[in-house]
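J.: Here is a sequence together with a model predicted from it:
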Amino acid sequence: MAYIIAITTIVALVFGPSIWVRRVMTRYAEPANRYAATGASLARQLLDKHGLQSVVVESSESGDHYDPIAKAVRLTPDKHDGHSLTAITVAAHEVGHAIQDHTHYAPLKWRTRLVRATGGIEKLGAGILMVSPFLGIVTRVPALSLLMFAAGLLTLATSALVHFVTLPTEFDASFNRALPLLDEHKILRRVDRPHARKLLRAAALTYVSASLMSLLNIARWLAILRR
């Protein structure tokens with residue numbers, strides 16, 4: 001019974017935030033025509049009003065994000081072309097990151113450097129994890145296999161580290177940048193403001209759910225090692 005409770009708790013902690021984030025985003029994606037502006041047009045409007053004409057707004061299949069290297073706000077098609085509360089709130093959140101970049105917000109700089117420094121390391125770690133058992137069989141040196149396995153786990157852990165480090169940056173983008181922008185330019189309907197706060201919290205916690213999934217991936221490989 002204790003084992004079942006422990007498993008249930010772990011599953012809830014790992015998948016709970018991700019499920020909640022998706023639920024909030026989906027809930028406020030309707031009505032689809034809530035606002036006249038699309039997420040893309042609102043982002044363009046806010047960027048221009050803050051002197052960020054050089055930042056482009058693009059549609060992307062790789063998730064909503066701001067790219068500080070390319071100077072681009074990227075929104076998934078449903079946000080880019082959508083008129084929902086979710087679309088405009090997420091767009092404002094990503095514009096918040098662009099403003100952080102423009103004002104040289106230190107935590108964003110640290111995150112950018114960390115992402116660049118660890119880019120590709122997670123893929124390398126996964127590769128090491130896949131190769132290490134076979135290398136141990138071929139070389140017949142079990143210690144070498146274990147060493148490579150440990151190195152693989154360490155590289156995978158960098159993904160979780162990056163996601164956790166981004167959390168202060170995400171909350172700043174949501175509540176110190178995006179929400180004041182929406183208020184200042186009177187974008188939101190008054191009744192929508194509490195819901196926008198919930199959406200902005202969900203946008204910030206997207207990285208928490210991603211980091212928890214990374215930790216689950218590490219736990220899965222550890223379980224394989226114990227067999």
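T.: Now that the structure is in, tell me what you want to look at.

J.: Now do residue 124, the pLDDT please.
T.: Looking at residue 124, its pLDDT stands at 66.

J.: swap that for residue 73, sorry
T.: Each residue has a pLDDT score; the one for residue 73 is 98.

J.: List the contacts of the helix or strand containing it.
T.: Under DSSP states H and E, the secondary-structure element containing residue 73 is strand 72-75. Here strand 72-75 makes contact (Cβ atoms under 8 Å, 6 or more residues apart in numbering) with 39-40, 43, 47, 55-60, 62-67, 87, 90-91, 94-95, 97-98. Heads up, the C-betas are built off the backbone N, CA and C, glycines and all.

J.: What about these, which are in strands?
T.: Taking DSSP state E, the ones among those that sit in strands are 56-59, 65-67.

J.: Could you dump those into TSV with pLDDT, distance to residue 107 and neighbour count added?
T.: TSV is the format used below for these (pLDDT from 0 to 100; distance: Cβ to Cβ, whole Å; neighbours: other Cβ atoms under 10 Å):
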residue	pLDDT	distance to residue 107	neighbour count
56	98	23	15
57	98	23	23
58	98	24	13
59	97	27	14
65	93	16	16
66	96	14	23
67	95	17	19
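
J.: Distance of the residue nearest to residue 53 when sequence neighbours are not counted relative to residue 185?
T.: By the measure of Cβ to Cβ, 6 or more residues apart in numbering, the closest residue to residue 53 outside its immediate chain neighbours is residue 47, 7.0 Å from it. Taken as Cβ to Cβ, to the nearest Å, the spacing of residue 47 relative to residue 185 amounts to 12 Å.

J.: out of those two, which sits in the more crowded spot?
T.: residue 47 (22 against 13; other Cβ atoms under 10 Å).

J.: That one reaches residue 94, doesn't it?
T.: No: using Cβ atoms under 8 Å, residue 47 makes no contact with residue 94, being 9.8 Å away.

J.: For residue 190, state which of the ones in strands among the contacts of strand 72-75 is nearest.
T.: Checking the ones in strands among the contacts of strand 72-75 against residue 190 with Cβ to Cβ, the nearest one is residue 57 at 26.7 Å.

J.: in terms of contact, does the closest one touch residue 47 like I think?
T.: Yes: using Cβ under 8 Å, residue 57 and residue 47 qualify as a contacting pair, with a distance of 7.2 Å.

J.: re earlier: just list the residues touching the residue nearest to residue 53, thanks.
T.: Taking Cβ under 8 Å, 6+ apart as the contact definition, residue 47 lies against 53, 55, 57, 73, 95, 98.

J.: CSV for these, including distance to residue 170?
T.: Rendered in CSV, the data for those read as follows (distance: Cβ to Cβ, whole Å):
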residue, distance to residue 170
53, 25
55, 18
57, 19
73, 15
95, 14
98, 14
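
J.: Buried only: go through these for me.
T.: Among these, those scoring as buried are 55, 57, 73, 95, 98 (criterion: 16 or more other Cβ atoms under 10 Å).

J.: The last one touches residue 70, doesn't it?
T.: No: counting by Cβ under 8 Å, residue 70 is not a contact partner of residue 98; they are 11.2 Å apart.

J.: pLDDT weak spots in this protein?
T.: Along the chain, segments meeting pLDDT under 70 span 1-17, 118-157, 159-160, 163, 207-227.
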